[in-house]
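J.: After the sequence you'll find the predicted model.
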Amino acid sequence: MAGSEQVQLQRVLHMNSGEGETSYAKNSTMQKVIASYTKSIRKDLARDYYRDHLSDKMVIADLGCSTGPNAILMASDAIQSIISVCSDLGHPPPEFQVFLNDLPLNDFNSIFRSLGDYNYLSQGGDTEGQLCLIFGAPGSFYGRLFPSGSLNYVVSSTSLHWLSEMPEVLQEGSVVNKGRICLSKTSNPSVFDAYKNQFQAGFSLFLKCRGVEMMKGGIMVLTFMARRGSDPSTEEDSYAWELLAVALMDLVSVGLIEEQKVDFFNVPFYAPSMDEVEQEIINEGSFAIKNIELFEASYNALLADQYFEEEKQEEITQNTSNGIQFSHLKARHYAELTARSNWVVLESMIRNHFGGEIMEELFKRYCDLLEEYYCSRGIVLELIPNIIVAVERK
Ligand SMILES: C[S@@+](CC[C@H](N)C(=O)[O-])C[C@H]1O[C@@H](n2cnc3c(N)ncnc32)[C@H](O)[C@@H]1O
């Protein structure tokens, strides 16, 4: 996306709608696994906030909720934790107001359709004594979404690695990142600076807006994909983007898309280091950091039992160069998972830029390349680094 073809991200970016095979709802297990790593921290913080404030009303917002089972998960965890502390304290539960935010093209209809089965009522009413009103809040979290001083508890999971917009230098039609579609280990240093500056500007704006919208003492818990260290160009952080660029160039070689189109396609994704996040929070100044840590979510949790059964029957080879036990079946399985997860997240952008006809072929090639990559190294890169940061409104 660049130059005259630059379309406002807000009007392009959305996870795949509905409940079909390539929907986000059916392919968000990776994000669910990440949420499971942060569950106890999120629940403890909601409980502690409530115990310290005993408010009559708890206003909760999930920013970048998407669709599918995860859309209500963050709010639900906080509500359950608060109800449980109320029961311990013998205190009546507060009224809950939940705002589910995402970009306007998000499939909000699916969320509200599925809430019919949800234990906490969505349309007002009384369940187990507490009222829980759930609202959609479409719009970009890089701008104002809520009234001043209105939010007690804010959560955002696996969303803030999406930039507010493409860095300017990549918008202008100059081919500064030729052969790549995101920050890669072979990208020019100016591309790294552009991505980093865009992240800093967007994250700072995000903090400023939430600083206005949250009450003093309010808690915000953010989780997003991260880099392990300060080096922006390690292979483990960029191989998935590089291989998708190779798959796109394969489609150029068979005449399915034009090379120039690939030159102008860049993905607005940036995984910051922990230092970059911490520094931005300190610089912006609205929040005090309560806790910040890097954790590695394991892909293993995503593998179906059936896979483990099959793996037992496969001869596991000992990789001679690195001594790691390696299974081809596992490589194929991880390749499929990675390709499918990226498909449901990137389809809206790829369709917008190249047209939808290439999806099947592109992701088939991508999957093969991922498998080849894992096999050639005799290792599967199965840990996904993420940051969790919890802050309190000063
Ligand atoms: C990978 S999904 C995560 C969804 C959900 N939180 C989960 O854990 O499964 C990222 C979501 O962030 C949303 N998003 C990206 N940029 C956004 C923005 N500027 N404002 C609001 N939502 C945004 C995307 O549309 C997408 O639904």
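T.: All right, it came through fine.
J.: ok, and the closest non-adjacent residue to Val154?
T.: Excluding its sequence neighbours, the residue lying closest to Val154 (Cβ to Cβ, 6 or more residues apart in numbering) is Met220, at 4.2 Å. Every residue, glycine included, has its C-beta placed from N, CA and C.
J.: Please identify which helix or strand holds the one you found.
T.: When elements are assigned from DSSP states H and E, Met220 belongs to strand 214-225.
J.: That strand pairs with which strands?
T.: Strand pairing for strand 214-225, determined by DSSP bridges: strand 151-157 (parallel), strand 383-393 (antiparallel).
J.: out of the ones you listed, deepest packed?
T.: Each of the strands paired with strand 214-225 was scored by mean neighbour count; the highest is strand 151-157, a mean of 25, by mean count of other Cβ atoms under 10 Å.
J.: Let me know the average pLDDT across the strand holding Met220.
T.: What strand 214-225 shows for mean pLDDT is 96.
J.: Can you mark which positions in the helix or strand that it is followed by are buried?
T.: Counting by DSSP H and E, the next helix or strand C-terminal to strand 214-225 is helix 235-253. Residues 237-248, 250-251 are the ones in helix 235-253 that count as buried (16 or more other Cβ atoms under 10 Å).
J.: Tabulate the strands paired with strand 214-225 (JSON lines), appending mean pLDDT.
T.: Putting the strands paired with strand 214-225 into JSON lines (pLDDT from 0 to 100) gives the following:
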{"stretch": "strand 151-157", "mean pLDDT": "97"}
{"stretch": "strand 383-393", "mean pLDDT": "93"}
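J.: Let's have those in a markdown table, adding distance to the ligand.
T.: Formatted as a markdown table, the strands paired with strand 214-225 follow (distance: least, Cβ to the nearest ligand atom, whole Å):
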| stretch | distance to the ligand |
| --- | --- |
| strand 151-157 | 4 |
| strand 383-393 | 11 |
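J.: Tell me where the longest helix sits in this structure.
T.: Across the chain, the helix with the greatest residue count (assigned by DSSP state H) is helix 328-354.
J.: Could you check how far that one is from the centre of its chain?
T.: 14 Å (Cα atoms, centre = their mean, to the nearest Å).
J.: Give me the buried stretch members for that helix, please.
T.: With burial defined by 16+ other Cβ under 10 Å, the residues of helix 328-354 counted as buried are 330-335, 337-350, 352-354.
J.: And the next helix or strand past it?
T.: Moving toward the C-terminus from helix 328-354, the next element (DSSP H and E) is helix 359-377.
J.: List of residues touching that next one?
T.: 239-240, 243-244, 246-248, 250-251, 256, 328, 331-332, 334-336, 338-340, 342-343, 347, 350-351, 380-381 (Cβ atoms under 8 Å, 6 or more residues apart in numbering).
J.: Report the separation between the residue of the stretch 101-250 of the chain found nearest the ligand and Ile387.
T.: For the stretch 101-250 of the chain and the ligand, the shortest gap (Cβ to the nearest ligand atom) falls at Ser159, measuring 3.4 Å. Per Cβ to Cβ, to the nearest Å, Ser159 is found 12 Å from Ile387.
J.: anything in contact with each of the two?
T.: Phe224.
J.: Name every strand pairing with the strand or helix carrying Val98 and say which way it goes.
T.: If you go by DSSP H and E, Val98 is part of strand 95-102. Strand 95-102 pairs in its sheet with strand 57-63 (parallel), strand 132-138 (parallel), by DSSP bridges.
J.: where in the stretch 1-150 of the chain is pLDDT low?
T.: Scanning the stretch 1-150 of the chain for pLDDT under 70 picks out the ranges 1-12, 15-16, 18, 22, 24-25, 27, 116-130.
J.: Nearest to the spatial middle of this protein, which residue is it?
T.: Centroid-nearest residue in the chain: Thr158, 2.5 Å away (criterion: Cα atoms, centre = their mean).
J.: what pLDDT does the closest residue to the ligand within the stretch 251-394 of the chain get?
T.: Using Cβ to the nearest ligand atom, Val345 is the residue of the stretch 251-394 of the chain that sits closest to the ligand, at 5.8 Å. Note for Val345: predicted pLDDT of 83.
J.: what about it, distance to Leu362?
T.: From Val345 to Leu362 the distance is 14 Å (Cβ to Cβ).
J.: Likewise for Asn352?
T.: Taken as Cβ to Cβ, the span from Asn352 to Leu362 is 14 Å.
J.: Please apply the same query to Ser76.
T.: 35 Å.
J.: and these two? which has more neighbours close in?
T.: Leu362 (23 against 17; other Cβ atoms under 10 Å).
J.: Wait, Leu256 touches Val262, no?
T.: No - between Leu256 and Val262 there is no contact under Cβ atoms under 8 Å: 10.9 Å.
J.: Look at those two and report which has more neighbours.
T.: Between Leu256 and Val262, counted using other Cβ under 10 Å, Val262 has the larger neighbour count: 21 against 15.
J.: Could I get the contacting residues of that one?
T.: So Val262 contacts Ile181, Ala245, Leu248, Met249, Val252 (Cβ under 8 Å, 6+ apart).
J.: what secondary structure does it sit in?
T.: helix (DSSP: H, G, I helix; E, B strand; the rest coil).
J.: Make 32 the first number, not 1, from now on.
T.: That works, and once the first residue is 32, the last one we named lands at Val293.
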